[in-house]
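A.B. asks: Quick check, what structure comes out for this input:
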Amino acid sequence: MIGSLRLRLFLVLFGATGVVWIAAVTWIYTSSQRELEHVLDARLQEAARMVVSLVGSMEGGAPETLPELPATAAVPSHYERQLSCQVWSVQGRLIARSSGAPEQSLSDQHAGFSERQIDGETWRVYAAEDDAKGFRVLVGDRLGLRDRLVTDLIKGLLWPALLIAPLLGVLIWISVGRGLRPLRVITSDLVGRDADDMRPVDASRTPSEVQPLANALNALFEKVTVARRHEREFTAFAAHELRSPLTGLKTQAQVALAANDPAVSQVALQQILLAVDRATRLVRQLLTLARLDARAEIDESERIAIRGLIDDVVRVTPRPDNVAVAIDDDLINATWRGNREYLEIAIRNLHENAVQHMLGAGEVHWRIGESDRSIIVEDTGPGVADGELAKIGQRFFRGRNKSAIGSGLGLAIVSLALERTGADLAIGNRPDRRGFRAAITLRSR
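C.D. replies: Numbering: from 1, shown residues only. The predicted structure is shown next:
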């Protein structure tokens, strides 16, 4: 396989030019041979009629030898002298012939065209007869001479082609090189950059065929830039969020060890448990977010019973005794097609957020939306401040009404998981301002 694009293009163009040239020569050869035969046949016919007219007008009959026949301007001089003429009586006696003509009869026909083999050569002959004067005129030429004439014509076309071919190859090679110059310019630009240089490639002067490549590179640079920015933000925020529970663990452990009062030790131990729960949930969410970021393509979709999925999530999610969960029976009829893992991640994080942001007693309510393609979860918690609604889905943003073990990743995970499975998330406060509401809507397919 040829590795050089320039060499490949050169071979394709040079080969295509050669094929076109050969096809043109073949076409010229066949058409020239056909036209030449037509012209020479007409010449034979005209020459025979002329001889009939000349012999018929002579007094005392035809001479024993005939002069050279006049030629037409369309035939080369070395071919003009090759016409041969014979005059035969109707009784079969040779009356006269031109110089170079064979003594054997050129044709046995009385009129029209014919071909005959004489002394190893094929002759093309035209016969014309004068019945009144009692003689027949035969004018012919050798087919080998006709073939030589066509061959000379083709040689006249091939020799210039063979001489021009090297020059044509050089021109094609230079032209291909100039055509690939924009690619070399882009390559030089990229080679000279360092690893952190994600500037877009200048595609303003590139040809239309190269612009898609430049645009794809620029789009890739933009994606890499965004991914690296997210990675840096993810690392910074994760380090910050993990530092807080770990610091709390150390502090509360020191308090528990130093306290002489059992009540103080008990409070410190409870705070340690709370910090462990927060760190555990944060690590789990970080791993979930990393897994969602790494998997760009969704797995094979399946039929999902929404009520059964919500029941599974509610059953394994811890909640205080004073927090109730209500699930409408209408959800039994809701069946979606999508990725069950991603949808479960979204529902679990929404449910955990609703439970953990509850202030004291309250209720988390799952119900059907305006259609069976939409489900809604509502809680009776504090909701979200109006100024924070636009930021509530950002990674590590916790807001004013944050929970004790929250990390600000729940809604970001929900949005990413729903995006992977082909659904949309709409969040906001309840119309009565008594809690938070999130709606999952499956996109139409």
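A.B. asks: How is this structure divided into domains?
C.D. replies: Following automatic domain parsing, the chain resolves into domains at 5-167, 195-294, 299-442.
A.B. asks: Same list (those) but as JSON lines, adding mean pLDDT and distance to L183.
C.D. replies: For the C-beta atoms, the positions are set from N, CA and C on the backbone; glycine is no exception. Shown next, in JSON lines, are the domains of the chain (pLDDT from 0 to 100; distance: least, C-beta to C-beta, whole Å):
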{"stretch": "domain 5-167", "mean pLDDT": "78", "distance to L183": "8"}
{"stretch": "domain 195-294", "mean pLDDT": "74", "distance to L183": "6"}
{"stretch": "domain 299-442", "mean pLDDT": "77", "distance to L183": "35"}
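A.B. asks: JSON lines please, covering those and showing mean neighbour count and distance to R181.
C.D. replies: As requested, the domains of the chain are exported to JSON lines (neighbours: other C-beta atoms under 10 Å; distance: least, C-beta to C-beta, whole Å):
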{"stretch": "domain 5-167", "mean neighbour count": "15", "distance to R181": "11"}
{"stretch": "domain 195-294", "mean neighbour count": "14", "distance to R181": "10"}
{"stretch": "domain 299-442", "mean neighbour count": "17", "distance to R181": "41"}
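A.B. asks: And A305, how far from D372?
C.D. replies: 12 Å (C-beta to C-beta, to the nearest Å).
A.B. asks: so what's in contact with these two at the same time?
C.D. replies: Taking C-beta atoms under 8 Å, 6 or more residues apart in numbering as the contact criterion, the common neighbours of A305 and D372 are 334-335.
A.B. asks: could you dump the domains of the chain to a markdown table with distance to R184?
C.D. replies: Output for these, formatted as a markdown table (distance: least, C-beta to C-beta, whole Å):
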| stretch | distance to R184 |
| --- | --- |
| domain 5-167 | 10 |
| domain 195-294 | 11 |
| domain 299-442 | 39 |
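A.B. asks: Endpoint to endpoint, stretch 93-105 covers what distance?
C.D. replies: 10 Å (C-alpha to C-alpha, to the nearest Å).
A.B. asks: could we number from 348 for the rest of this?
C.D. replies: Happy to do that; since the first residue is 348 now, the last one works out to stretch 440-452.
A.B. asks: to the chain's geometric centre, what's the distance from it?
C.D. replies: 74 Å (C-alpha atoms, centre = their mean, to the nearest Å).
A.B. asks: Quick check: which element contains V372?
C.D. replies: Per DSSP states H and E, V372 falls inside helix 352-404.
A.B. asks: Just give me how far that helix sits from the chain centre.
C.D. replies: Distance of helix 352-404 from the chain centroid (C-alpha atoms, centre = their mean) equals 43 Å.
A.B. asks: other SSEs contacting it?
C.D. replies: Contacts defined by 3 or more C-beta pairs under 8 Å, 6 or more residues apart in numbering; DSSP states H and E place helix 352-404 against strand 431-436, strand 468-477, strand 482-489, helix 490-526.
A.B. asks: could I get those as JSON lines with distance to R353?
C.D. replies: Listed next are the helices and strands packed on helix 352-404 as JSON lines, based on distance: least, C-beta to C-beta, whole Å:
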{"stretch": "strand 431-436", "distance to R353": "59"}
{"stretch": "strand 468-477", "distance to R353": "52"}
{"stretch": "strand 482-489", "distance to R353": "52"}
{"stretch": "helix 490-526", "distance to R353": "5"}
